[in-house]
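S.K.: return a 3D structure for these sequence lines:
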Amino acid sequence: MKSLIEKAFFLKKLRLFNELDLEILLAIAEKLHEDDYDANEKVFTPGQVANRIYLIVQGTVQILDDRMRLLAELNAGDYFGDESIFNEQPRGYAVLCKTDTLFLTLSRSHLLSTISECPSVAVAFLQSYSQQLPCRHKGTPAIV
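M.R.: Numbers count the residues shown, from 1 in each chain. As a prediction, this is how the structure comes out:
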């Protein structure tokens with residue numbers, strides 16, 4: 001696919017990693033693995049062991065529930081699979097490639113070692129999650 005520096009610049013474009021310095025991004029880029037999938041190929045199914053986060057470089061994937069109903073469609077620059085890595089639970093959804101798709105993947109062990117070496121990566125994950133969560137307190141009375 002790309003050189004190490006191109007992978008690092010790709011990471012820099014992702015919301016998850018855009019606050020990190022190039023030096024840290026290069027260290028993460030060294031640990032990335034490239035995976036090519038064909039259109040209509042399954043990436044994983046519900047119940048499978050979670051051991052990778054998937055970063056979409058090219059293509060479109062569909063996120064499907066356990067009854068294979070469409071939940072979301074993700075494109076280049078999106079990512080998935082991170083939630084199961086942290087909670088160590090099997091995958092709760094399926095992913096199907098709508099088009100030929102190129103991923104950069106990061107294994108659980110590489111992600112955790114990166115976080116231990118560079119806590120700012122963990123902060124980036126927390127910031128990303130906090131932006132995705134709906135306001136839980138909206139419309140509910142404050143507890144005093």
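
S.K.: so where is this protein shaky, pLDDT-wise?
M.R.: Along the chain, segments meeting pLDDT under 70 span 1, 129-144.

S.K.: need the strands for it, in chain order.
M.R.: With DSSP state E, the ranges of strands along the chain come out as 33-37, 42-44, 52-58, 60-64, 70-75, 79-80, 94-97, 101-107.

S.K.: show me what the second one pairs with in its sheet, parallel or antiparallel.
M.R.: Applying DSSP bridges, strand 42-44 is found paired with strand 94-97 (antiparallel).

S.K.: ditto for the fourth one
M.R.: The pairing partners recorded for strand 60-64 under DSSP bridges are strand 70-75 (antiparallel), strand 94-97 (antiparallel).

S.K.: please apply the same query to the first one.
M.R.: Sheet partners assigned to strand 33-37 using DSSP bridges are listed as strand 101-107 (antiparallel).

S.K.: now the angle from the strand it pairs with to strand 52-58?
M.R.: Per axes from the mean of the first three to the mean of the last three C-alpha atoms, to 10 degrees, the angle that strand 101-107 makes with strand 52-58 is 150 degrees.

S.K.: how far off centre is strand 101-107?
M.R.: With C-alpha atoms, centre = their mean, to the nearest Å as the basis, strand 101-107 stands 9 Å off its chain's centre.
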